[in-house]
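Chemist: Sequence unavailable; structure follows:
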């Protein structure tokens, strides 16, 4: 594609060089630049792409998009704009031939439940004979192939590329997690969303958004991008606020919930260790649902997904089959097989609300002690630390406080702040800095009917210490501890 065609629809401040040149590749990472590329210099939280222009040119860039004044470079076209991150979204859409116009997109935003809801939606549409894909935190799925990712919603360039590959692979519909960062930082700009889904809003990411009002404002951006329906959790107080703020939009609103008067709702909810049963009610009728993952949060995620199916006129029995086909989502209240008389559950719960909901769910079926093992990430979430410590103490019989991606912070200092809340609630606790040793302690000191909740890591198979990402899969650590427990029992006999 010619550079002049890529930039003809954007507001340009200045052009230095030729625009009648072929661009075969675009990227914002100088290490991925190839011959005949456009390098987009964006300012990140840690590094600034403008510092890597020379490296991009060495790798083959023949044009550079900047937002800072840049000296002329012989043979290189420099295009200056106001905001390269915002313009990148537009250019990426154009370069990949506006893929979002060729595929239906369902965007899910909210603090908790986004990942599970995307999987529930995919299962419903798969059951309906559609080819459904996912863009989300665990990975991007195209034709059942999972491509791992380290970010909930990628940069706009990656989003447009993934949608382009979905179009090439004949994907009919994409369920996409739309994080607050993605909505605020233009990552999903120029995506034509058919449906927007709001799950809930609780305290999170205030290290970036600063206030809950700013956090909500970021989430609401999704519902101004939709065409078919906005699907809102009416039981959430911020869901009600969103409904008020978008009531004048032409896109209709569909509500779901349990406690309030919603159009898609659940009744006769029955909890057990094996899952949750409920009656799914829609304007077109009702049906019994038997989900294999316990918890009220599972009901809400299922309602959101069912509401999406309803808006596409999918038969209730197909919605039922899609929901009941779900075996579980990695790291989302995932039961690890132990073959023992105690249970181990891995969950991504890393916010006050999600941790409380996970522990309340455990309380609904636990016959023995409720043990929660968790830590909090470094360089963020400081205000949540004592809050989550108190929640853990109030909803468990034993807290094992440990590390979770300490980054450049001292893990012992993080634990100390969490323990402020644990002690405030007079909780029973053990503090073990090394997460591997903490898990080992939980397993080796288990008692019959205990339920051990490993919270915070979820699907992650790494830990971040300093600037290094080190392998760490809790499932493997649990299995190692189980082998040690077996050997210990043999010796005792």
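Modeler: Received it, and whenever you're ready, just let me know what you need. All values reported here derive from a predicted model rather than from experimental measurement.

Chemist: Go through stretch 459-474 and flag the buried ones.
Modeler: Residues 459-461, 463-465, 472, 474 are the ones in stretch 459-474 that count as buried (16 or more other CB atoms under 10 Å). Yep, even glycine has a C-beta here, placed from its N, CA and C like the rest.

Chemist: Can you tell me the strand partners of the host helix or strand of residue 344 and which way each runs?
Modeler: Using DSSP states H and E, residue 344 sits in strand 343-347. In the sheet, strand 343-347 lines up against strand 334-336 (antiparallel), strand 451-455 (parallel) (DSSP bridges).

Chemist: Can you say which of the ones you listed is nearest to residue 360?
Modeler: strand 451-455 (11.1 Å; CB to CB).

Chemist: What is the subsequent helix or strand relative to the closest one?
Modeler: strand 462-465.

Chemist: so what does that following strand touch, helix or strand wise?
Modeler: Identification of packing neighbours for strand 462-465 by 3 or more CB pairs under 8 Å, 6 or more residues apart in numbering; DSSP states H and E yields strand 468-471.

Chemist: next structured bit after the strand it packs on?
Modeler: Going down the chain from strand 468-471, the next helix or strand is helix 474-492, by DSSP H and E.

Chemist: what inclination does that following helix have with respect to strand 343-347?
Modeler: Angle of helix 474-492 versus strand 343-347, following axes from the mean of the first three to the mean of the last three CA atoms, to 10 degrees, is 160 degrees.

Chemist: Quick one: name whatever helix or strand follows the helix or strand encompassing residue 412.
Modeler: According to DSSP H and E, residue 412 maps onto helix 411-424. Next along the chain after helix 411-424, taking DSSP H and E as the criterion, comes strand 429-431.

Chemist: Tell me which strands that next one pairs with, and in which orientation.
Modeler: Strand 429-431 is paired, per DSSP bridges, with strand 398-401 (parallel).

Chemist: now the strand it pairs with: how far from the chain's centre is it?
Modeler: Distance of strand 398-401 from its chain centroid, counting by CA atoms, centre = their mean, to the nearest Å, is 26 Å.

Chemist: Need the residues that contact the strand holding residue 344.
Modeler: 273, 331-336, 338, 354, 358, 362, 443, 450-455, 457-458, 474-475, 478 (CB atoms under 8 Å, 6 or more residues apart in numbering).

Chemist: right, and the helix or strand after that strand?
Modeler: That would be, after strand 343-347 and using DSSP H and E, helix 352-365.

Chemist: Just list what the helix or strand following that following helix packs against, helices and strands only.
Modeler: The helix or strand immediately downstream of helix 352-365 is strand 370-374, counting by DSSP H and E. Applying 3+ CB pairs under 8 Å, 6+ apart, one finds that strand 370-374 makes contact with helix 352-365, helix 384-394, strand 398-401, helix 435-444, strand 451-455.

Chemist: could you give the angle of the last one to strand 370-374?
Modeler: Just to be clear, that refers to strand 451-455. Strand 451-455 runs at 20 degrees relative to strand 370-374, counting by the same axes, to 10 degrees.

Chemist: Against residue 456, how distant is residue 337?
Modeler: Distance, residue 337 to residue 456, by CB to CB, to the nearest Å: 21 Å.

Chemist: neighbour count winner among these two?
Modeler: residue 456 (28 against 11; other CB atoms under 10 Å).

Chemist: Could you list every helix and strand in contact with the helix holding residue 412?
Modeler: Checking 3+ CB pairs under 8 Å, 6+ apart, helix 411-424 ends up next to helix 384-394, strand 398-401, strand 429-431.

Chemist: State the number of residues packed around the closest residue in space to residue 443 that isn't next to it in sequence.
Modeler: Among residues not flanking residue 443 along the chain, residue 481 sits closest, at 3.7 Å (CB to CB, 6 or more residues apart in numbering). Using other CB under 10 Å, residue 481 is surrounded by 21 other residues.

Chemist: What of residue 290?
Modeler: 13.

Chemist: Likewise for the one 3 residues further on?
Modeler: By other CB under 10 Å, 23 other residues sit near residue 293.

Chemist: wait, doesn't it sit right on residue 333?
Modeler: Yes - at 5.3 Å, residue 293 and residue 333 qualify as touching, with contact defined as CB atoms under 8 Å.

Chemist: In what element of secondary structure is residue 91 found?
Modeler: Residue 91 belongs to helix 84-95 when elements are defined using DSSP H and E.

Chemist: list the helices and strands that helix packs on?
Modeler: Helix 84-95 packs on helix 3-7, strand 25-27, strand 37-40, strand 61-66, helix 156-168, going by 3+ CB pairs under 8 Å, 6+ apart.

Chemist: Averaged pLDDT, the longest one. What do you get?
Modeler: Just to be clear, that refers to helix 156-168. For helix 156-168, mean pLDDT is 96.

Chemist: can you list the weak-confidence ranges in the stretch 201-350 of the chain?
Modeler: 203-210 (pLDDT under 70).

Chemist: and if we set it to 90?
Modeler: Residue ranges of the stretch 201-350 of the chain with pLDDT under 90: 202-213, 215, 260, 272-274, 327-330, 350.

Chemist: Show the residue spans covered by the helices in it.
Modeler: Along the stretch 201-350 of the chain, counting by DSSP state H, counting those that start in this stretch, helices occupy 206-209, 212-220, 237-245, 296-311, 316-324.

Chemist: Can you check which of these gets nearest to residue 282?
Modeler: helix 296-311 (5.1 Å).

Chemist: Let me know the angle separating that closest one from strand 343-347.
Modeler: 50 degrees.

Chemist: Name whatever forms a beta bridge with residue 279.
Modeler: Taking DSSP bridges as the rule, residue 279 bridges to residue 267, residue 288.

Chemist: ok, back up a step: so can I have TSV of the strands paired with strand 343-347 showing distance to residue 82?
Modeler: Output for the strands paired with strand 343-347, formatted as TSV (distance: least, CB to CB, whole Å):
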stretch	distance to residue 82
strand 334-336	45
strand 451-455	42
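
Chemist: could I get these as TSV with mean neighbour count?
Modeler: Output for the strands paired with strand 343-347, formatted as TSV (neighbours: other CB atoms under 10 Å):
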stretch	mean neighbour count
strand 334-336	17
strand 451-455	26
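
Chemist: I'd like the helices and strands packed on helix 84-95 laid out as JSON lines, including distance to residue 259.
Modeler: Formatted as JSON lines, these follow (distance: least, CB to CB, whole Å):
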{"stretch": "helix 3-7", "distance to residue 259": "50"}
{"stretch": "strand 25-27", "distance to residue 259": "47"}
{"stretch": "strand 37-40", "distance to residue 259": "46"}
{"stretch": "strand 61-66", "distance to residue 259": "49"}
{"stretch": "helix 156-168", "distance to residue 259": "35"}
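
Chemist: between those, which gets nearest to residue 49?
Modeler: Closest to residue 49 of the helices and strands packed on helix 84-95 is strand 37-40 (CB to CB; 7.1 Å).

Chemist: So residue 301 is in contact with residue 116, correct?
Modeler: Yes - judged on CB under 8 Å, residue 301 makes contact with residue 116 at a distance of 4.6 Å.
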